[in-house]
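Student: Sharing a model that was predicted from the sequence below.
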Amino acid sequence: MGLDGESGPETSADATGPDGSTLWYAALGHLIDEVVFIHRADRTIAFVSPSVTEVLGYTPGEFTSMRTPELIHPEDLPMATEQALALRAEPGARYRSILRVRHADGRWLWVEIVGRNLLHEPSVQGIVQTLRDISERRRLEEELEHRAHHDGLTGLANRNHFLDQLDAALASDAERLAVLYLDLDGFKAVNDNHGHRCGDQVLRVVAERLASTSRPGDVCGRLGGDEFVAFFRDVDGREAAAAVGHRVHAAITGPAVLSDRTVEIRTSVGVAVPAPDEDADRVMSRADAALYTAKRAGGGVELA
């Protein structure tokens, strides 16, 4: 089964290669990290290496009987089909693709496929492809990407990622956003009286409560310390923005039962509705000013 393959006959263990020998097959039988397979001009599979069982869980017969939509993830199939057509159109062409294929147990694996069009070569007469499982590498890359954009303690967006997301949102629907800036009232006393480990637990609770108020498309972040931010989409006007601020304030405020004690969480919230052509830094500055107005008033919610 290849990027554009139709089902075809399985090559048996005593099959001969283009030169009539069986040595090529015996050698490929020792490959356990890569799957080698060859498509003919009629799109049948002339050969698949035994390593297909180790890598993908299929027997050679099962693999060669599958069609592309059964193997390739639906989201990756259009790209794979386009690449396959381009590859066949150019003798000697090479390609490299990263996509998801289905393991025999139902899991989706990230794989790297490298191929070359050797249909014009009399000794080959096929498209030679190798497949390697890169799921672990992909997982590590995604983990690093997540760490680069998210706060390590709470999992919320970090400062840079939040501001980037806010700038993008301002460019598309600036007049329908509510931007919130909040911090915790009396948080220094939590650290001083109960220690920083307890303080970290409180911050994680706040992050969970803040995230629980968001919907798809809304973004919550932590700037550092006890400072949190969020923006909410599809908020029509100042009255609705103030209501969002009160909803967030109510969700965060209240006792938090930690591992060995209960801590009362209090917060102040500043809310700003972006003006036309206002960038992230400016609207955040106004929300921050509203936050400190709220704190001077003893806590609660203030609309800029």
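Tutor: Yes, it's here. Numbering: from 1, shown residues only.

Student: element containing T53?
Tutor: helix 51-56 (DSSP states H and E).

Student: what comes into contact with that helix?
Tutor: Identification of contacts with helix 51-56 by Cβ atoms under 8 Å, 6 or more residues apart in numbering yields 28-29, 31-37, 58-60, 63, 101, 103-104, 109, 131-133. From N, CA and C alone the C-beta is placed, and that goes for glycine too.

Student: Please check the residues you listed and keep the buried ones.
Tutor: 28, 34-37, 58, 60, 63, 101, 103, 109, 131, 133 (16 or more other Cβ atoms under 10 Å).

Student: and of these, the nearest to P50?
Tutor: P60 (6.5 Å; Cβ to Cβ).

Student: so the closest one touches F37, yeah?
Tutor: No - with contact defined as Cβ atoms under 8 Å, P60 does not count as touching F37 (9.3 Å).

Student: For those two, list the residues in contact with both.
Tutor: 48-49, 52.

Student: OK, contacts around the closest residue to N158 other than its chain neighbours?
Tutor: Nearest residue to N158 in three dimensions, chain neighbours excluded: D151, at 4.9 Å (Cβ to Cβ, 6 or more residues apart in numbering). Neighbouring residues of D151 by Cβ under 8 Å, 6+ apart: 157-158, 207, 221-222.

Student: Kindly reformat these as JSON lines containing distance to D288 and pLDDT.
Tutor: JSON lines is the format used below for the contacts of D151 (distance: Cβ to Cβ, whole Å; pLDDT from 0 to 100):
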{"residue": "A157", "distance to D288": "17", "pLDDT": "96"}
{"residue": "N158", "distance to D288": "17", "pLDDT": "96"}
{"residue": "A207", "distance to D288": "19", "pLDDT": "96"}
{"residue": "G221", "distance to D288": "13", "pLDDT": "97"}
{"residue": "R222", "distance to D288": "14", "pLDDT": "97"}
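
Student: Rank the shared contacts of P60 and F37 by pLDDT and give me only the lowest.
Tutor: Least confident of the shared contacts of P60 and F37 in the model: V48, at 88.

Student: Spell out the residue ranges of the strands in the stretch 101-250 of the chain.
Tutor: With DSSP state E, counting those that start in this stretch as the criterion, the stretch 101-250 of the chain has strands at 108-118, 126-133, 178-184, 219-224, 227-232.

Student: got the domain boundaries for the protein?
Tutor: Using automatic domain parsing, the domains assigned to the chain come out as 23-140, 151-303.

Student: Pick out the shakiest of the ones you listed, pLDDT-wise.
Tutor: Of all these, mean pLDDT reaches its minimum on domain 23-140 (a mean of 87).

Student: now the helices for the protein?
Tutor: 23-28, 51-56, 60-64, 68-71, 77-89, 135-149, 159-173, 187-194, 196-212, 237-252, 280-296 (DSSP state H).

Student: could you redo these as CSV and give each row distance to L119?
Tutor: Shown next, in CSV, are the helices of the chain (distance: least, Cβ to Cβ, whole Å):
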stretch, distance to L119
helix 23-28, 18
helix 51-56, 22
helix 60-64, 18
helix 68-71, 18
helix 77-89, 7
helix 135-149, 31
helix 159-173, 45
helix 187-194, 68
helix 196-212, 53
helix 237-252, 61
helix 280-296, 53
